[in-house]
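1. Kindly generate the corresponding structure for this input.
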Amino acid sequence: MKEITADEVYQVLKENFPQKNDFNKTGYDEELEELLHFGINTKEKFQELIRKHKAKVLEIDSEDLDEFHIKSYSAELGDDYVKDRIENKYWFAYQGLLRITLELEFDEIYRQYSEKRDN
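-> Just a heads-up that it's a prediction; the model follows:
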């Protein structure tokens with residue numbers, strides 16, 4: 001089987017998640033690197049992973065934020081931005097939905113990986 005490409009990562013996300021979550025344009029190279037690190041190396045494996053966790057990921061994306069995060073995001077991103085997301089029940093771009101999926105699948109191993117990545 002052919003190894004997954006960054007374009008295919010985007011294609012699978014676009015096919016499986018709402019268009020409203022497609023608001024942070026990127027080349028998906030970093031996300032591809034993460035998938036490959038965790039052995040998700042074909043489009044088919046990625047599709048299977050997304051389908052496995054899709055319902056839970058969308059549930060997490062639509063959860064209400066607590067007052068602390070509402071104030072924090074409003075200060076950082078603006079009131080209109082936060083108001084739109086509260087009214088339309090979404091928070092994460094495709095990249096975030098992908099990373100939630102990886103966290104659901106790989107749990108603590110992914111959390112440790114992402115801590116190293118972000119530091």
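2. Spatially nearest residue to Phe106 (excluding sequence neighbours)?
-> Nearest non-adjacent residue to Phe106, counting by C-beta to C-beta, 6 or more residues apart in numbering: Phe38, 6.0 Å away. Where you see a C-beta, it was placed from the backbone N, CA and C, and this is true even at glycine.
3. Contacts for the longest helix seen in the chain, please.
-> Secondary structure assigned by DSSP state H gives helix 94-118 as the longest helix of the chain. With C-beta atoms under 8 Å, 6 or more residues apart in numbering as the contact definition, helix 94-118 has outside contacts at 9-10, 13-14, 17, 21-22, 24, 26, 28, 31, 34-35, 37-38, 49-50, 52-53, 56-57, 60-61, 92.
4. where exactly do the helices run in the chain?
-> Remark: helices assigned in the chain by DSSP H are 6-16, 29-37, 43-62, 67-77, 79-88, 94-118.
5. Using TSV, lay out those together with mean pLDDT and mean neighbour count.
-> Formatted as TSV, the helices of the chain follow (pLDDT from 0 to 100; neighbours: other C-beta atoms under 10 Å):
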stretch	mean pLDDT	mean neighbour count
helix 6-16	98	17
helix 29-37	97	15
helix 43-62	97	16
helix 67-77	87	12
helix 79-88	88	13
helix 94-118	95	16
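6. Nearest the geometric middle of the protein, what residue?
-> Nearest to the geometric centre of the chain sits Leu97, at 1.9 Å (C-alpha atoms, centre = their mean).
7. ok, Lys14 touching Asp22?
-> Yes - assessed by C-beta atoms under 8 Å, Lys14 is found in contact with Asp22 at 6.4 Å.
8. what about Gly27, neighbour count?
-> Counted by other C-beta atoms under 10 Å, the residues lying close to Gly27 total 11.
9. Got the confidence number for it?
-> For Gly27, the pLDDT comes out at 95.
10. Identify the residue nearest it in space, chain neighbours excluded?
-> Ala6 (5.8 Å).
11. my guess is the one you found meets Glu30, correct?
-> No - at 9.0 Å, Ala6 does not count as touching Glu30 under the criterion of C-beta under 8 Å.
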